[in-house]
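**Student:** No letters, just coordinates:
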């Protein structure tokens, strides 16, 4: 009943009822309601003494308030009705008996709580009136919405009816048009089918003629197949014979492979023997270099004496004939000039200084720096070989571009020559390397166009000085420099080659047996960079595949004065294409001069260590196999 009177949900009303029902008997007495309400508003309600009146009230409450009107006086009835009218709650509660009973009890027993109760009734009545007003407003709004909805639905229904009518008319028109169009289309298709039928009949006649021709060809093909079958049988017989020949060839090839493997093992053993004789080779090489150094000093003194004598003597004397060190390799019949400018001297005159041809033979070394071309037998005999020149009257000998003294006091054959024989040249060794022999010796060749700075680079690397004026290299020149690479003393034989086109064939001969090649170009000259590919091709044709290749971009210091023609990216790309090491350097400023050769020396040392390990493993395998055979 209270759900319609109070703005509370049924669950909330159940909670209120349970909180007020202290005895849990399923109904509330006025006393229980008063005590619960007093506790709610913070006032303790003392239970009234049990009297006959309270017992009577409880009995009356249990019986459904049937005798309430007899208990209440007329005056109290008037006051209560006036209060309800004043609060505006007379029309709110359908059954006011319970409220009146509670009001009467509070008025008699607890008059101090009567004001709170009346205030509570006022708030409840006000809230209920507001809820009723909201309800009326909501009902009115709902009715208006319902009317508007009905009107909109009616309008939509009328519009839908009109649209359906229009769609029906449009569909009827489309059906008529489609039917007419379909009739015309079917007529056209019928005409087309008739025409196609005529064409098919004609094609059938043609196909019948072709079938007759094919039958005739089939007969011929069957005859030809018979011929081919017989031919196939003949070819099968030939194939069988060829297979037999192939088996025989395979057997022979296996024999040849075994022989080649045995020869490879023999070659590896020879290499191992050579590696065991490396110490003797180094000592022999150092003795030879010492002789060359003394002879070079003596030849310089003789050259100075000859020039002084030539300047002081007015009479003409027979000119001495001087040739190039490469004459011993190329056997040419005319001498080659070589100009050298020392670090502390002025440039030598370009006039040829020659030796008078004599009956005595000019001694020269039989091999280049590095491993010779005469095979493993020559590698195992570290001695200097004396040869007679095929051109006794015209050939000459030379030390790094200077005349070589040919008197009998200089006996080159007295000094032993190592298997990596030295051609005669200029030696530049570090001061700390003079007292000890190098552990490794590598031949490094410099190539590139003329004027790119090969000689300046070598002079900067060996002497740590830059010559502002240096003449172009004529033929071949070389110097020796000792380095300490990873606690190993390494001697680098630096071969300086001529870059002119006329010496190109001479330069190629020095690629053989070279351990490393440095291809030099000028970063301010695009022509020298373009020629690098030709040099690379020559290097790959004449060198071993395991040789180290380094690409150097020189004159990096000139970029501030001249426009750069070759970028670093282009050089790196070209070096990567040929699997080469790339550096940019400056012989003038000394930038990146030591690093490239240190890198090359380290690569060559690693390769030699690997070759020695392979040779040792192979020798151990051979020893094991021999032991098994025994």
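**Tutor:** Everything's here; your move. Quantities reported herein were computed from a predicted structural model and do not represent experimental measurements.

**Student:** can we go C-alpha only for contacts and neighbour counts from here?
**Tutor:** OK.

**Student:** Please go through the chain and pick out the longest helix.
**Tutor:** As assigned by DSSP state H, the longest helix anywhere in the chain is helix 114-276.

**Student:** average model confidence for that helix?
**Tutor:** Average pLDDT, helix 114-276: 87.

**Student:** so what secondary structure elements neighbour that helix?
**Tutor:** Secondary-structure packing of helix 114-276 (3 or more CA pairs under 8 Å, 6 or more residues apart in numbering; DSSP states H and E): helix 74-87, helix 97-109, helix 376-379, helix 594-629.

**Student:** residues making contact with stretch 483-500?
**Tutor:** 369, 430, 437-451, 454-455, 458, 472-482, 504, 507, 598, 601-602 (CA atoms under 8 Å, 6 or more residues apart in numbering).

**Student:** Just the buried residues of that stretch, please?
**Tutor:** 483, 489-500 (16 or more other CA atoms under 10 Å).

**Student:** Turn these into JSON lines, including pLDDT and distance to residue 182.
**Tutor:** Putting the buried residues of stretch 483-500 into JSON lines (pLDDT from 0 to 100; distance: CA to CA, whole Å) gives the following:
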{"residue": "483", "pLDDT": "88", "distance to residue 182": "101"}
{"residue": "489", "pLDDT": "89", "distance to residue 182": "102"}
{"residue": "490", "pLDDT": "90", "distance to residue 182": "100"}
{"residue": "491", "pLDDT": "90", "distance to residue 182": "101"}
{"residue": "492", "pLDDT": "91", "distance to residue 182": "99"}
{"residue": "493", "pLDDT": "89", "distance to residue 182": "99"}
{"residue": "494", "pLDDT": "91", "distance to residue 182": "98"}
{"residue": "495", "pLDDT": "89", "distance to residue 182": "97"}
{"residue": "496", "pLDDT": "86", "distance to residue 182": "96"}
{"residue": "497", "pLDDT": "84", "distance to residue 182": "95"}
{"residue": "498", "pLDDT": "79", "distance to residue 182": "94"}
{"residue": "499", "pLDDT": "72", "distance to residue 182": "91"}
{"residue": "500", "pLDDT": "72", "distance to residue 182": "91"}
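
**Student:** So what are the structural domains in this structure, by residue number?
**Tutor:** Following automatic domain parsing, the chain resolves into domains at 2-109, 277-618.

**Student:** Of these, which shows the lowest average pLDDT?
**Tutor:** domain 2-109 (a mean of 62).

**Student:** would you turn the buried residues of stretch 483-500 into TSV with distance to residue 511 and secondary structure?
**Tutor:** Below are the buried residues of stretch 483-500 laid out as TSV (distance: CA to CA, whole Å; DSSP: H, G, I helix; E, B strand; the rest coil):
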residue	distance to residue 511	secondary structure
483	22	strand
489	24	strand
490	20	strand
491	18	strand
492	15	strand
493	13	strand
494	12	strand
495	10	strand
496	12	strand
497	10	strand
498	13	coil
499	14	coil
500	16	coil
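
**Student:** Could you find which two of those residues are furthest from each other?
**Tutor:** 489 and 500 (34.2 Å; CA to CA).

**Student:** And the helices in the stretch 451-600 of the chain?
**Tutor:** 454-463, 504-508, 526-530, 532-542, 568-577, 594-629 (DSSP state H, counting those that start in this stretch).

**Student:** Point out the most buried one among these.
**Tutor:** helix 454-463 (a mean of 22; mean count of other CA atoms under 10 Å).

**Student:** And the contacts of that one?
**Tutor:** 428-429, 446-448, 465-467, 470, 473, 479-481, 494, 496, 520, 586-588, 590, 593-594.

**Student:** Drop anything exposed from those.
**Tutor:** 428-429, 446-448, 465-467, 470, 473, 479-481, 494, 496, 520, 586-588, 590, 593-594.

**Student:** Inside strands: which ones of those residues?
**Tutor:** Among these, DSSP state E puts 446, 447, 479, 480, 481, 494, 496, 520 in strands.

**Student:** could you dump those to CSV with distance to residue 246?
**Tutor:** Shown next, in CSV, are those (distance: CA to CA, whole Å):
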residue, distance to residue 246
446, 50
447, 49
479, 56
480, 56
481, 57
494, 52
496, 53
520, 52
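
**Student:** just the buried residues of stretch 483-500 now: which is nearest residue 168?
**Tutor:** Closest to residue 168, out of all of the buried residues of stretch 483-500 and judged by CA to CA, is residue 499, at 99.3 Å.

**Student:** quick one: that closest one from residue 543, how far?
**Tutor:** 18 Å (CA to CA, to the nearest Å).

**Student:** now do residue 513
**Tutor:** Taken as CA to CA, the span from residue 513 to residue 543 is 7 Å.

**Student:** Repeat that for residue 9.
**Tutor:** 105 Å.

**Student:** Those two: which is more packed in?
**Tutor:** residue 543 (20 against 11; other CA atoms under 10 Å).

**Student:** residues contacting the more buried one?
**Tutor:** With CA under 8 Å, 6+ apart, residue 543 has these contacts: 511, 512, 513, 514.

**Student:** which two in those residues are spaced the farthest apart?
**Tutor:** 511 and 513, at 6.3 Å, using CA to CA across these.

**Student:** so who does residue 523 touch?
**Tutor:** Applying CA under 8 Å, 6+ apart, the residues near residue 523 are 529, 553, 554, 555, 556, 559, 564, 565, 566, 567.

**Student:** Narrow the residues you listed to just the buried residues.
**Tutor:** 529, 553, 554, 555, 556, 564, 566.

**Student:** TSV for those residues, including distance to residue 297?
**Tutor:** As requested, the buried ones among the contacts of residue 523 are arranged in TSV below (distance: CA to CA, whole Å):
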residue	distance to residue 297
529	38
553	34
554	32
555	32
556	35
564	42
566	42
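
**Student:** out of the residues you listed, which are inside strands?
**Tutor:** Using DSSP E, the buried ones among the contacts of residue 523 in strands are 553, 554.
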